[in-house]
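Engineer: With the input below, show me the fold.
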Amino acid sequence: MVKDSNRCSEEALLLGHGVAEAASRRRLKVLFVVEGYSDIRFVTGLSEICELTLVVPAKQYRESGLERRILDSGVRVQVDEVEGGRLRYQIECFAYLLRKAREFDVILSQEVLRGSLNSCIVGRLYRRPVVTYMNVPPAEYFRCRRERGQIGRIRAAVGDVVIRILSWTSAKLATRCVAVGPYLCEVASRHCRRVSRGYAYGVDTDLYRPAEPSEKLRLRGKLDLPPNQFLVLSGSRVSHEKDPETVLRAVAIARKRGLDACVLNLGGGYPEFLRLANVLGLPDAESWVLGRPAAHPMGALAEYYRTSDVVAQGSLEEGAGMTPLEALACGISVVCTAVGGMAQILPGYARLTPRRDAEAMASQFLWIAASPTEAEREALLGREFVCREWSRQKAFESLGAVLAAAAQSEESLGSGRFYS
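Structural biologist: This is a model prediction of the structure:
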């Protein structure tokens, strides 16, 4: 049950008072336990509100580029790497927590599965508050593997049980769960008594801002992009829960109906995106399907958004959808699948289409190209929404409040389930 808005406001004020008190004394010492990959935007923002240490799986830390980005940024953070694959990392990370947990005021644990199991057990042993941070719906994302035929029926059933057990255990042992957006708050509240709404790393609306037409053209030249084509940006990684097939088919349909469109994928999986276009047998795909490595999210990525005509997010499942929010902050039209958090957050600001419906997505591309004034007006309403509800400042102020309240005492957070 969700408490009424007055109660939520009262609790938010209490949390805000708690972070103010903590800030007046000293910076919190926070250990961020990373299960897989993390984003430089989240790490940077977190380092600004606390004295931060990361414990990370060494392989993913290096391969994802986070190591290089942290070094380049000069962000103040201690990084402790743990070697090994999943099983070894699980064991070594548990041993690390046993040695180090008492040095910190709060343990912040990524997601609610195996990494958080370690954190929650050690937190209980040493009476250290543990805040789990849910960015994705774990069971729902895992089921997408079965839908795609990547795993068999038995593995799917076993995996679903394991996910439920780990989610339930973390929920019962953790001090609080922070879940990104309203949809994930609902997912988290199935098990967890104490749920606060999070905003991931938020959106830096000074960096992610609209571009004038002349600037858009200049950026096309700078980024070596087609100057006159209708540019569809597919910014998400290629993964089992995403649906790049529908985006590709939709652009192909729009081209067949007369729209001179191209689609660009940014990310480490862009070669797979290019291969997928060929596997789908799309006509003349090599001339209009483009791919580039991931752009720095605190730099060039914003330029790619700002010079696009539309950002497309095809998904089988989605937790919140930060890519559409960043696009809207740039005043760029968004077309995305009406699933998960996007179905709850984006109505009125983005063009929502049914799941796996390439015809519907193509129709939206054609409408945006034919109605640029109306499309821009809708996108700018979306920017106002992002500035108001999903700003970077709001994201880390709210997280700082939760961490400070958790550090003061678990009891101060109350015993009821609520969103703040």
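Engineer: Look at stretch 281-298 and report the distance between its end residues.
Structural biologist: 35 Å (CA to CA, to the nearest Å).
Engineer: Report the buried residues of it.
Structural biologist: L282, A285, W288, V289, L290, G291, R292, A294, A295, P297, M298 (16 or more other CB atoms under 10 Å). Bear in mind the C-beta positions are built from the backbone N, C-alpha and C, glycine included.
Engineer: Spatially, which two of those residues are the most separated?
Structural biologist: Greatest spacing in those, by CB to CB: L282 and M298 (33.3 Å).
Engineer: T169: neighbour count?
Structural biologist: 17 (other CB atoms under 10 Å).
Engineer: Distance from the helix or strand that contains it to the middle of the chain?
Structural biologist: Element membership of T169, judged by DSSP states H and E, is helix 153-173. Distance, stretch centre to chain centre, for helix 153-173: 22 Å (CA atoms, centre = their mean, to the nearest Å).
Engineer: Show me which residues of that helix are buried.
Structural biologist: A156, G159, I163, L166, S167, T169, S170, A171, L173.
Engineer: Strands along the stretch 201-350 of the chain, start to end?
Structural biologist: 230-234, 261-266, 289-292, 310-313, 333-337 (DSSP state E, counting those that start in this stretch).
Engineer: and of those, who's closest to L54?
Structural biologist: Closest to L54 of the strands of the stretch 201-350 of the chain is strand 261-266 (CB to CB; 24.9 Å).
Engineer: Mind picking out the helix or strand in this structure with the poorest mean pLDDT?
Structural biologist: helix 5-25 (a mean of 43; mean pLDDT, DSSP states H and E).
Engineer: quick revisit: will you turn the strands of the stretch 201-350 of the chain into JSON lines that also has distance to R76 and mean pLDDT?
Structural biologist: Listed next are these as JSON lines, based on distance: least, CB to CB, whole Å; pLDDT from 0 to 100:
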{"stretch": "strand 230-234", "distance to R76": "33", "mean pLDDT": "97"}
{"stretch": "strand 261-266", "distance to R76": "28", "mean pLDDT": "97"}
{"stretch": "strand 289-292", "distance to R76": "31", "mean pLDDT": "96"}
{"stretch": "strand 310-313", "distance to R76": "33", "mean pLDDT": "98"}
{"stretch": "strand 333-337", "distance to R76": "35", "mean pLDDT": "98"}
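Engineer: Let's have these in a markdown table, adding distance to E147.
Structural biologist: As requested, the strands of the stretch 201-350 of the chain are exported to a markdown table (distance: least, CB to CB, whole Å):
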| stretch | distance to E147 |
| --- | --- |
| strand 230-234 | 20 |
| strand 261-266 | 21 |
| strand 289-292 | 24 |
| strand 310-313 | 18 |
| strand 333-337 | 14 |
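Engineer: just so I know, which of these lies nearest R69?
Structural biologist: strand 261-266 (15.3 Å).
Engineer: Taking strand 230-234 as reference, get the angle to that closest one.
Structural biologist: Computed by axes from the mean of the first three to the mean of the last three CA atoms, to 10 degrees, the angle separating strand 261-266 from strand 230-234 equals 30 degrees.
Engineer: Return the distance of strand 261-266 from the chain's centre.
Structural biologist: That offset, for strand 261-266, works out to 21 Å (CA atoms, centre = their mean).
Engineer: got it, and stretch 347-366?
Structural biologist: Remark: stretch 347-366 is offset 21 Å from the chain centroid, using CA atoms, centre = their mean.
Engineer: can you dump the C-alpha coordinates of the following helix or strand past the least confident helix or strand of the chain into PDB?
Structural biologist: Scanning forward in sequence from helix 5-25 by DSSP H and E, the next helix or strand is strand 29-33. The C-alpha trace of strand 29-33 is given here as PDB (Å, rounded to 0.1, in the frame of the first residue of the first chain):
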ATOM      1  CA  LYS A  29      31.700   7.100   4.400                       C
ATOM      2  CA  VAL A  30      29.800   5.000   1.800                       C
ATOM      3  CA  LEU A  31      30.900   1.700   0.300                       C
ATOM      4  CA  PHE A  32      29.300   1.100  -3.100                       C
ATOM      5  CA  VAL A  33      29.200  -2.600  -3.900                       C
END
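Engineer: How about the contacts made by C262?
Structural biologist: P226, Q229, F230, L231, V232, V251, W288, V289, L290 (CB atoms under 8 Å, 6 or more residues apart in numbering).
Engineer: and the nearest residue to the last one once chain neighbours are set aside, what are its bridge partners?
Structural biologist: What sits nearest to L290 in space, not counting adjacent residues and going by CB to CB, 6 or more residues apart in numbering, is L264, at 4.3 Å. Here L264 sits in beta bridges with L233, L290, going by DSSP bridges.
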